[in-house]
Each structure stands twice: as C-alpha cells, then as structure tokens.
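any chance you could fold what I've pasted below:
(one chain, ligands or ions: 2)
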Amino acid sequence: MTIRHAQGTYDVRFDEFNGTTHVVVTDSNLAKLYPKLIGSSPIVIEAGESSKNLDTYAYVAGQLLHRGATRKSTIVALGGGVVGDLVGFVAATYMRGIPFVQVPTTLLAQVDSSVGGKVGVDLPEGKNLLGAFHPAKEVIIDSRFLKTLPERELRCGLAEIVKYGWIMAPEILDELSKSDLDLQKLVRKCVELKARVVQEDEFETKGVRAWLNFGHTVGHAIEQITNYETYTHGEAISIGMVVETRVAEEMGLAGRGLSQKVQNSLAQHGLPTELSTKLSVSTLIDVMRRDKKSDQREITMSLVYRSGQCELVKNVPVEIIERVLA
Ligand SMILES: NC(=O)c1ccc[n+]([C@@H]2O[C@H](COP(=O)([O-])OP(=O)(O)OC[C@H]3O[C@@H](n4cnc5c(N)ncnc54)[C@H](O)[C@@H]3O)[C@@H](O)[C@H]2O)c1
Ligand SMILES: [Zn+2]
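Ligands and ions are numbered 1, 2, ... in the order given. Below you'll find the model as predicted:
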C-alpha cells in the first residue's frame, strides 16, 4: 500500500521482516525475544513509556554518532509505539533529518502509530509535547511479532481497532464479533483507514484526523491522573469511548442505547468500560481542558453519533461531562 504525504510517498508492506544492514533501534524486551532478527549491535532502550523522553532521545542520537551514522544513513525502529515515536523523532532531527524504517511489533503500532508520520517524545509535564511530522521511508508489518505479544498489549490494540469500527467502518465491528478473529485482515483494514485519514488531513487541520481521537479526550485524562500506572492506553480509551458516547447521548447527538452498544463491543474483548476506582471529576475536567485539541479551555471531543459516523465537536458542555462522569 502506498501512502502520500507532503514530501512524497512511502510504502506499507505486509511482509516478513528478516533483518537489515541498517542500524536497528529497539527495546529491551524485543532485544531478548528476537536477537537473531535484530542483529549483533542494536541500540537498545529500556522497554516502556518512561523511555519516551529527552534523555533516551539524547542517548540514541549519541549512539548513532558513535557508530558513524551520517546524513545518508537510514535507521530502523523495531518495536511498539514507544520505539517508533522516539526513534522517529531522533530520525526527524538527527543531522536535520534522516530516513527511518518502521517495523511495528505491537498490535497498536501496526494499526495506528506506525502510519501517519507523527513522532515525538514526552515531557515531564505531559505526553507527546515535543514532536514532528516525519513519515517513515517504509513500514514493514510482520504479523509474526504478534505471537509473542502479551494478552494485555493485544487488547490495547483491539481497543483501537474497535475505535476504527465506530468512527468510520461498521464492517470492522461485524468482523470483531466473530469468534475466530482474523487479525491480519483487521490490521490491513485499519491501515487502509488510517492511510485514508492521514492522506486527507496529514497535519490535523481539517478535523478529519481528529476523528481518531474518539475516546481519547477522556482516555488521556484518565491515564494522566492515574500516572499511567493503573490502565494501559487501550484500557483508558476503552472507558473513554463509553463515557464520550454517553456524552453524545446526553447532548442529543447520538440516539439512546448507542453507548450500551459501544460498551458491549469493548467488553466482548475483555476491555474495561468503567472506572474501577473513583477519580475526581473536577481534576479529570481540568486535564481535558488542557488537551491539545482543546481551544482556550473549551473541551473538544470526537463524538460518534451513529455506527461508523463521527464528528469533531467543539465546546462540549462541561455540565454534561460532569453528569456522565458522576
Ligand atoms: N505516532 C502516533 O501516531 C501514535 C499513535 C498512537 C500511539 N502512539 C504512541 O505509542 C505508544 C504506545 O505504543 P505501544 O502500545 O506499542 O507500547 P510499547 O511500545 O511500550 O509496547 C508495549 C510493550 O510490549 C512490548 N512488546 C512490543 N512488541 C512486542 C512483541 N512483539 N512481543 C512481546 N512484547 C512486545 C514492549 O517491550 C512493551 O513492553 C505511546 O507512547 C503512544 O503515545 C503514537
Ligand atoms: Zn490511541
């Protein structure tokens, strides 16, 4: 599949990855699981979101210098979204920008983060606060990696797949309700959808790319106030999708009963649909006001109003969000 962007095109290949002569950057879990594929001298970062920071960014850039990487070098990001975002950001800036190849190894990275060119790191003040648009030169999606992925990480990716279904492709919801999931087919379908969205609105200025944020306004707030410890990203947005659809119902945008359907579609895959502990509603609202999508303290949400259809809604009434959360 070929994807267009402002500076050219790149291919997403559904293929086996069997090693490379370029420098590979990966995380500590993958380095243990796939030593042969990764080769003899990878740059290895500690697994986990806490590595997506400026210290690790400087470490990877320093390692590239030590290895003599030049402006003509290509680097390979082999890992989940953390490796992809961080290495992509190094690639965007190393000697003012070098190409990189993404080999996404989590379901989330395969269906979402490896396509679309967003790269970056977190700051202590919040996630993804430093970043760039730097599309990969190539994305290689090898389904074999999913065999070693822990169940909880798999569910994280499933939450994003359910999201694609509700925002723009009800046929995905049908596919997901089958007892035998065809993951490869679902991944391919989601990449097609993501490609459509980012080609139409690469820089998130037309409100289309923002659809992908369904569940994320509330989900990000939940993740942030629980210090990214209680819920995975997929679990937080799962709860977020249910809450936001209740908000859409209360606003009269969605028909009654839609949130129950959203809830069922997530619970079916073992995803949580409500908070397991009580969180402060006012703190959640404060965090939502500071969301990147929000304008001057008004809360913006991507809301689904019917299966497969959604809309970016500005100025979502705070009283309604409070009522739903309470
Ligand atoms: N750039 C984008 O458009 C975009 C979109 C969505 C999410 N993201 C970012 O992606 C990140 C989350 O990505 P993630 O969920 O892939 O997390 P991750 O990269 O931390 O991977 C999750 C865990 O799975 C392990 N792992 C990865 N592949 C494995 C495999 N094949 N077998 C066994 N274990 C494996 C990792 O070591 C890690 O412990 C977040 O930082 C988020 O901000 C970016
Ligand atoms: Zn997400």
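
what parts of the stretch 101-250 of the chain come near ligand 1?
Taking C-beta under 6 Å from any ligand atom as the criterion, the neighbours of ligand 1 within the stretch 101-250 of the chain are 105-106, 108-109, 112-113, 116, 118, 127-128, 145, 148-149, 153, 156, 233. C-betas here are computed from N, CA, C, even on glycine.

from those, which would you call buried?
Neighbour-count burial within these applies to 105-106, 108-109, 112-113, 116, 118, 127-128, 145, 149, 153, 156, 233; the criterion is 16 or more other C-beta atoms under 10 Å.

now, which of these lie within strands?
Assignment to strands by DSSP state E places the following of these there: 118, 127-128.

ligand 1: which of those is nearest?
For ligand 1, the closest of those turns out to be Lys118, at 3.8 Å, with distances computed as C-beta to the nearest ligand atom.

I'd say the closest one and Gly131 touch.
Yes. Counting by C-beta atoms under 8 Å, Lys118 does reach Gly131; the two are 6.4 Å apart.

so what sits against both of these two?
Asp85 (C-beta atoms under 8 Å, 6 or more residues apart in numbering).

quick one: least confident of the ones in strands among the buried ones among the residues of the stretch 101-250 of the chain next to ligand 1?
Checking pLDDT across these, the minimum falls on Lys127 at 88.

so what's that one up against?
Taking C-beta under 8 Å, 6+ apart, one finds 52, 220, 223-224 in contact with Lys127.

so which of these comes closest to ligand 1?
For ligand 1, the closest of the contacts of Lys127 turns out to be Lys52, at 5.3 Å, with distances computed as C-beta to the nearest ligand atom.

the host helix or strand of Asp55 packs against which elements?
Taking DSSP states H and E as the criterion, Asp55 maps to helix 54-66. For helix 54-66, the packing partners by 3 or more C-beta pairs under 8 Å, 6 or more residues apart in numbering; DSSP states H and E come out as strand 43-45, helix 81-93, strand 118-123.

now do the most far-flung residue of the chain relative to its centre against Val243, distance only.
Going by C-alpha atoms, centre = their mean, the residue of the chain most distant from its centre is Gly68, 31.8 Å out. Taking C-beta to C-beta, to the nearest Å as the criterion, Gly68 is separated from Val243 by 51 Å.

point me to the residue of the stretch 201-326 of the chain nearest ligand 1.
For the stretch 201-326 of the chain and ligand 1, the shortest gap (C-beta to the nearest ligand atom) falls at His233, measuring 5.8 Å.

where along the stretch 51-200 of the chain do the helices fall?
Across the stretch 51-200 of the chain, reading from the start of the chain, the helices by DSSP state H, counting those that start in this stretch fall at 54-66, 81-93, 107-108, 151-168, 170-176, 183-200.

thanks a lot, see you next time.
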